[in-house]
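A.B. asks: generate a structure from the sequence data that follows.
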Amino acid sequence: MKRIDYNENPFIVIWEVTRACALSCVHCRAEAQFHRYPGELDTAQGKALIRDIHAMDNPILVFTGGDPLMREDLFELTEYAASLGMRVSMTPSATPRVTHDAVKRAKDAGLTRWAFSLDGPDAKSHDYFRGTRGSFERTLRGISYFREEGMSFQINTTVTEYNVDQLPDIAKLVGELGVSVWTLFFLVPTGRGSLLQPISPERHEEVLRWAFALQEHVPFIISTTEAQFYRRIARQENLKRKQVGLSPIGHPHDDLAKAPRGTNDGNGFVFISHTGDVQPSGFLPITCGNVKQTPLAEIYRHHPVFKSLRDPDTHHGKCGYCEYRYVCGGSRARAYAVTGDYKAEEPYCIYQPTPIS
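C.D. replies: As a prediction, the model looks like this:
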């Protein structure tokens, strides 16, 4: 894969096409409601945004929400992006809108990958997390449609104190479902997620080392969101393997799941809200401009917040001098949510680098 200069262009762009959603997930970043909000980008504005995104060296585009399927023009937007040669993914909610016909329409429009959430290995645990009875069964039914249509799909799991002990069982189910990617989202206490109990810093380290070891034994890619220190752990563990003559643990190639180098909030990653506000990520809700007034590229490349996020030497505390700061950099979103300072050191990382003398 070609190396991307994150100072110029992101690897991935997340567009929250709507905040409307029929679910009431306990961790929802967007605090989504049942109805569409005023001020959402309309179809013409959406297509203009897609052109601007494409012009930034054609990054991956993800339609998220809320529930993207609540937009009547979703397949039109998908087809337009695909016609430009863009790789388009979508993260819909598991609602009755996920029909076999909807999956076929998305495939015909050029959608590259679906992503569903699975936060428990059974209906009781998953439906509690999603706030809606029947969500687990609808998720499995939707996955059966993807498999029938031969479409690639991803499973996302938000890791909290509620479900951390169930991760081995979730991993087993993920393997049985035939997914391409399993992404572990580590809780950032924002939106409704601020009411949930995150796992401890020590448990973060334990879970990430378990996930890294598991990668050697499963056919799907294991990736993480808001756990940038997973990259440090991977390097440490592979160094140990090298020292005893073992091959490093890698993963199958998949350019929709793995950037050529790690991304972080505002660094290879950018988020556009339903109304066009540009933020470093959906979990780091600092608005730096709006695409209705300013081109996305100008905001991403030149806004002081984005430029600061891409300079790990200026991070505060141990993140500013850690030898892994260019590999990891710590979750800027979690630093902001916990301390109010997006430059603060990662609050859930237990690694202690050697201080600069």
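A.B. asks: wait, a strand at residue 223?
C.D. replies: Yes. With DSSP: H, G, I helix; E, B strand; the rest coil as the criterion, residue 223 is part of a strand.
A.B. asks: beta partners of it?
C.D. replies: For residue 223, the beta-bridge partners are residue 183 (DSSP bridges).
A.B. asks: am I right that residue 115 sits in a strand?
C.D. replies: Yes. Counting by three-state DSSP, residue 115 is found in a strand.
A.B. asks: hmm, it is touching residue 152, no?
C.D. replies: No. Counting by C-beta atoms under 8 Å, residue 115 stays clear of residue 152, with 9.8 Å between them. Bear in mind the C-beta positions are built from the backbone N, C-alpha and C, glycine included.
A.B. asks: these two - which one has more neighbours?
C.D. replies: Neighbour count, other C-beta atoms under 10 Å: between residue 115 and residue 152, residue 115 has more, with 21 against 18.
A.B. asks: which residues does that one bridge with?
C.D. replies: residue 154.
A.B. asks: residue contacts, it?
C.D. replies: 62, 89, 90, 91, 153, 154, 155, 156, 183 (C-beta atoms under 8 Å, 6 or more residues apart in numbering).
A.B. asks: and if we set it to 10 Å?
C.D. replies: 62-64, 89-92, 152-156, 179-181, 183, 256 (C-beta atoms under 10 Å, 6 or more residues apart in numbering).
A.B. asks: dump the residue contacts of residue 301.
C.D. replies: Per C-beta under 10 Å, 6+ apart, neighbours of residue 301: 7, 8, 9, 10, 56, 295, 307, 310.
A.B. asks: now, of those, which are buried?
C.D. replies: 9, 10, 56, 295, 310 (16 or more other C-beta atoms under 10 Å).
A.B. asks: and the two most separated of the residues you listed?
C.D. replies: Spanning the widest gap among these are 295 and 310, at 18.4 Å by C-beta to C-beta.
A.B. asks: coming back round to it: quick check, nearest of the contacts of residue 301 to residue 353?
C.D. replies: Closest approach to residue 353 among the contacts of residue 301 (C-beta to C-beta): residue 310, at 20.0 Å.
A.B. asks: sorry, back to before: of the contacts of residue 115, select the buried ones using a ChimeraX command.
C.D. replies: Buried residues among the contacts of residue 115 (16+ other C-beta under 10 Å), as a ChimeraX selection:
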select :62,63,64,89,90,91,92,152,153,154,155,156,179,180,181,183,256
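A.B. asks: what stretches of the stretch 101-250 of the chain score poorly on pLDDT?
C.D. replies: 191-195 (pLDDT under 70).
A.B. asks: again with the stretch 251-357 of the chain
C.D. replies: Scanning the stretch 251-357 of the chain for pLDDT under 70 picks out the ranges 251-258, 260, 357.
A.B. asks: if you set the cut-off to 80 instead, what comes out?
C.D. replies: Along the stretch 251-357 of the chain, the model assigns pLDDT under 80 to residues 251-261, 356-357.
A.B. asks: the residue nearest the centre of the chain: what's its closest spatial neighbour, skipping adjacent residues?
C.D. replies: Per C-alpha atoms, centre = their mean, the C-alpha nearest to the average position across the chain is that of residue 225, at 5.2 Å. Distance criterion C-beta to C-beta, 6 or more residues apart in numbering; nearest residue to residue 225, sequence neighbours excluded, is residue 185 at 4.5 Å.
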